[in-house]
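>>> Task: produce atomic coordinates for the following.
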Amino acid sequence: MCHYVAAVVAVIVAAFFVSWDRESVTSVLLSFGASGPPGRLLREDELCRYRGETGSPGLYLSLLGHVFDVSKGRRHYGPGGGYHFFAGKDASRAFVTGDFSETGLTDDVSGLTPAQVVALYDWLAFYQKDYRSVGKLIGRFYSDSGQPTEALRHMEATLAEGLKLKAQAEADSKHFPSCNSEWSATAGGRVWCSTQSGGVHRNWVGVPRKLYLPGSTGSRCVCVQSSDPTQMENPSLREYEGCPPLSDSCTIQN
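You can find the predicted model right below:
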């Protein structure tokens, strides 16, 4: 049953997910920041009554302590809907882990990576845009007076780190565009460069190199501008074994 529910939710998540840029996420922090009024304050035992069932006063969910009225999405969040287990609680962690079990549907976001935290704030931006904000949930992220807790401050710091890493990755992808690639389980594979590989349009082709990122044991194939000595001599780059140094295509054996 749990596998079936997870599959249903995965489809709905894919349908609802929206990509937001850094400015959008920053605006979310400004809109919901510590300087703003807390609005209505709810406790967990009050929020749990808002599950959209018969006799329920409404249909709410909470994300990072921000409570939203999701009544207009009743077919998804109401009883029988694929999102119903989000109703009446803060299950922030599940939005980015895909763990929809009882233990996974929690507001405990400790240990999330910076990239996951950026994705979580993407979801917050989505709810801010599409649903009515009700107030704040007293607990992990907001105090009895509606002030941000250390847990929320930590999330905001991790978000800043995630946005920095995202910006760096975007800059790296333009500086070192990804290679084209094709793979076969029997014959191995091939990586090659073109003027459009990696989705980066340019007036040079480049040569394939393995790029090792700091702190990572793996590598990715990137195209390096052979006429640029500063790129060719980058210590994070390695040539493909058996491939001519200036070839724009390299065969990779299994």
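
>>> from here on, contacts and neighbour counts on C-alpha atoms
Fine.

>>> tell me the phi and psi of F126?
With angles defined as degrees, to the nearest 10, F126 sits at phi -60, psi -50.

>>> mind checking pLDDT for it?
Note for F126: predicted pLDDT of 94.

>>> now it: how far from G52?
21 Å (C-alpha to C-alpha, to the nearest Å).

>>> and G111, helix, strand or coil?
What DSSP: H, G, I helix; E, B strand; the rest coil gives for G111 is coil.

>>> Run a quick neighbour tally on it.
8 (other C-alpha atoms under 10 Å).

>>> likewise G78?
G78, neighbours per other C-alpha under 10 Å, totals 24.

>>> repeat for A167
13.

>>> D144 now?
For D144, using other C-alpha under 10 Å, the count is 13.

>>> Now it: which helix or strand?
Secondary structure assigned from DSSP states H and E places D144 in neither a helix nor a strand.

>>> so the nearest residue to it once chain neighbours are set aside bridges to which residues?
Using C-alpha to C-alpha, 6 or more residues apart in numbering and skipping residues adjacent in sequence, the residue nearest D144 is I138, 5.7 Å away. With DSSP bridges as the criterion, I138 is bridged to Y142.

>>> Show the contacting residues for the residue lying farthest from the centre of the chain.
What lies farthest from the middle of the chain is P244; by C-alpha atoms, centre = their mean that is 38.2 Å. Contacts for P244 (C-alpha atoms under 8 Å, 6 or more residues apart in numbering) come out as C250.

>>> For K210, see how far away it is.
14 Å.

>>> With G82 instead?
Counting by C-alpha to C-alpha, the gap from G82 to K210 is 42 Å.

>>> again with Q128
41 Å.

>>> what's the neighbour count on the residue nearest to D144?
21.

>>> That one touches R43, doesn't it?
Yes - I138 lies in contact with R43 (C-alpha atoms under 8 Å); the separation is 5.2 Å.

>>> Contact partners for L41?
By C-alpha under 8 Å, 6+ apart, the neighbours of L41 are G135, K136, L137, I138, D144, G146.

>>> The helix or strand hosting the second one: partners in the sheet, and parallel or antiparallel?
Secondary structure from DSSP H and E places K136 in strand 132-137. Each strand pairing with strand 132-137, determined using DSSP bridges, is listed with its direction: strand 40-42 (parallel), strand 66-69 (antiparallel).

>>> Now the closest residue to E239 other than its chain neighbours, what are its backbone angles?
In space, and not counting its chain neighbours, E239 is closest to R209: 5.2 Å by C-alpha to C-alpha, 6+ apart. Phi and psi for R209, reported as degrees, to the nearest 10, are phi -140, psi 150.

>>> Thank you, goodbye.
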